[in-house]
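**Student:** Sharing a model that was predicted from the sequence below.
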Amino acid sequence: MPILKKQDFYNTFYQKDQIPDCYESISFGSQQDIFKQSVKKTQNKAYAITLFPKYFDYKLSVKHLKINKIEQTNLDGFAINLEGCETADQYLQKNIKSKTRSPILRRIKRFESCFDVEYELFFGAIEKEIYQQAMSTLKSMLELRFSQKDDSTEILEKWHEYQQSTYNKILNKEASLFITYASGQMVAISINYHINKVFIGHIFCYDITYSKFSLGNMMVYKLLEWCCENDYLIMDMGNGDLEYKQIWCNNKYHYDYHFIHHKNSLAAIFATSVQMGIIKLKNLLKTLKIDEAYKKLRQGKSTTSHPFELFPRYKVEHMDANNDKSGLPSPITLNHPNFDFLKKPVNDFLYLNKEHYSQLKIFQIDSKNFLLMGQQNAEKIILE
């Protein structure tokens with residue numbers, strides 16, 4: 001057995017419901033332990049623990065262990081501390097300015113007025129058919145989203161693992177699946193993890209054809225509602241400096257490296273000292289951004305972005321909704337795969353004109369011209 005054991009605390013804790021055996025307990029704020037384990041003897045002499053969130057307190061498993069900490073450079077985490085908040089609206093009032101809060105709530109209201117909306121969080125039970133459909137839809141959403149960004153994600157590389165493990169985690173209340181339906185269609189999905197009263201929003205994604213409705217903010221709001229109703233202490237959205245996290249989070253935190261070793265083991269002291277030196281060097285390279293320059297040099301021309309159009313370009317002509325419809329062909333069904341390219345123009349039309357999806361009729365005039373007719377408004381979509 002090697003003297004030094006390396007472990008990722010954050011992902012081991014949240015995805016596997018485990019902590020390294022060098023810790024006896026993990027706690028948060030004024031609360032008692034949120035995780036405790038019985039450890040009589042540590043298996044290793046030394047540990048190098050990465051990604052330990054600073055909002056957690058800890059207790060080492062045995063007295064003869066010593067710890068040194070180094071902050072991880074250029075890596076911030078984002079969380080919502082829910083202590084003292086009973087509702088999502090109360091949190092919004094206390095933590096988000098009116099000029100930001102009002103548009104969020106207005107777009108959620110607009111979304112709910114344009115579609116028959118349902119929200120479901122599956123935690124402890126889910127039908128296998130719904131699970132399979134949701135995971136397939138979520139994967140497609142992620143693929144489209146990262147194609148739009150001309151980027152890749154480790155999530156898709158590990159998708160088979162997520163597919164295999166998440167179902168049982170939901171049944172065991174270690175994970176949940178949040179699904180938003182718009183007029184019967186899955187349009188926003190998240191995979192979340194649960195440890196005691198800590199909620200981790202791990203994967204968020206939505207159908208980007210609904211971008212006008214700001215579904216990312218809607219998801220955070222609805223999950224925050226659920227956390228408040230179920231007395232959660234913190235809603236963690238992990239690392240990655242994204243705009244929606246900046247808007248919502250009242251706890252921007254850092255991660256620490258924990259270097260833990262037996263006090264009386266020279267080999268353990270040496271092993272952790274070497275590892276600490278390596279980490280300090282890596283932090284220096286990150287501070288100077290030398291690591292980024294090296295990555296670009298290795299990747300060469302492959303870093304060049306090649307943007308492409310996910311949706312066809314089109315023009316819009318406003319029409320009179322009261323025009324005679326007698327000469328028009330039969331309406332088409334938007335849900336048919338052949339008409340996927342119309343989803344974004346249709347959703348933009350609904351948002352901008354405050355029309356309801358159930359009242360919308362879509363007519364195909366020819367291969368490049370389509371007519372959208374709501375109760376009060378009409379538009380011609382002309383593909384370029």
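**Tutor:** Sure, I can see it.

**Student:** From here on, just use CA atoms for contacts and neighbour counts.
**Tutor:** Noted.

**Student:** buried ones in the lengthiest strand in the chain?
**Tutor:** Criterion DSSP state E: the longest strand present in the chain is strand 65-81. By neighbour count with 16 or more other Cα atoms under 10 Å, strand 65-81 contains the buried residues 65-67, 71-73, 77-81.

**Student:** And M235, which helix or strand is it part of?
**Tutor:** Applying DSSP states H and E as the criterion places M235 in strand 234-239.

**Student:** hang on, the earlier thing: paired strands for the longest strand of the chain, with orientation please.
**Tutor:** Sheet pairing for strand 65-81, assigned by DSSP bridges, gives strand 234-239 (antiparallel), strand 251-262 (antiparallel).

**Student:** chain center to it, what's the gap?
**Tutor:** 20 Å (Cα atoms, centre = their mean, to the nearest Å).

**Student:** Just put the buried residues of strand 65-81 in CSV and tack on pLDDT and distance to F213.
**Tutor:** Listed next are those as CSV, based on pLDDT from 0 to 100; distance: Cα to Cα, whole Å:
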residue, pLDDT, distance to F213
L65, 91, 52
K66, 93, 51
I67, 95, 48
E71, 93, 38
Q72, 90, 36
T73, 87, 35
G77, 93, 26
F78, 95, 23
A79, 95, 23
I80, 95, 23
N81, 93, 26
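
**Student:** Widest-spaced pair of the residues you listed?
**Tutor:** The span of those, defined through Cα to Cα, is set by L65 and I80 at 32.0 Å.

**Student:** Identify the residues contacting the residue lying closest to L371 once chain neighbours are set aside.
**Tutor:** Nearest non-adjacent residue to L371, counting by Cα to Cα, 6 or more residues apart in numbering: K380, 4.5 Å away. By Cα atoms under 8 Å, 6 or more residues apart in numbering, K380 lies in contact with 316-319, 369-372.

**Student:** did I read that right, K380 in a strand?
**Tutor:** Yes. Using DSSP: H, G, I helix; E, B strand; the rest coil, the assignment for K380 is a strand.

**Student:** quick one: it from Q132, how far?
**Tutor:** 37 Å (Cα to Cα, to the nearest Å).

**Student:** how far does stretch 13-26 stretch from start to finish?
**Tutor:** Stretch 13-26 has an end-to-end distance of 10 Å (criterion: Cα to Cα).

**Student:** List the buried residues for that stretch?
**Tutor:** So, applying 16+ other Cα under 10 Å, buried residues of stretch 13-26: 13-15, 17-26.

**Student:** Point out where the stretch 151-300 of the chain drops to low pLDDT.
**Tutor:** For the stretch 151-300 of the chain, the stretches with pLDDT under 70 are 151-152, 290-300.

**Student:** on that earlier part again, please flag which of the buried residues of stretch 13-26 sit within helices.
**Tutor:** Secondary structure from DSSP state H places 13-15 of these in helices.

**Student:** ok, so of those residues, who is nearest T87?
**Tutor:** Checking those against T87 with Cα to Cα, the nearest one is Y14 at 24.4 Å.

**Student:** roughly how far apart are the spatially closest residue to the closest one that is not a sequence neighbour and S25?
**Tutor:** Excluding the flanking residues, the one nearest Y14 by Cα to Cα, 6+ apart is Y193, at 6.1 Å. As defined by Cα to Cα, Y193 lies at a distance of 19 Å from S25.
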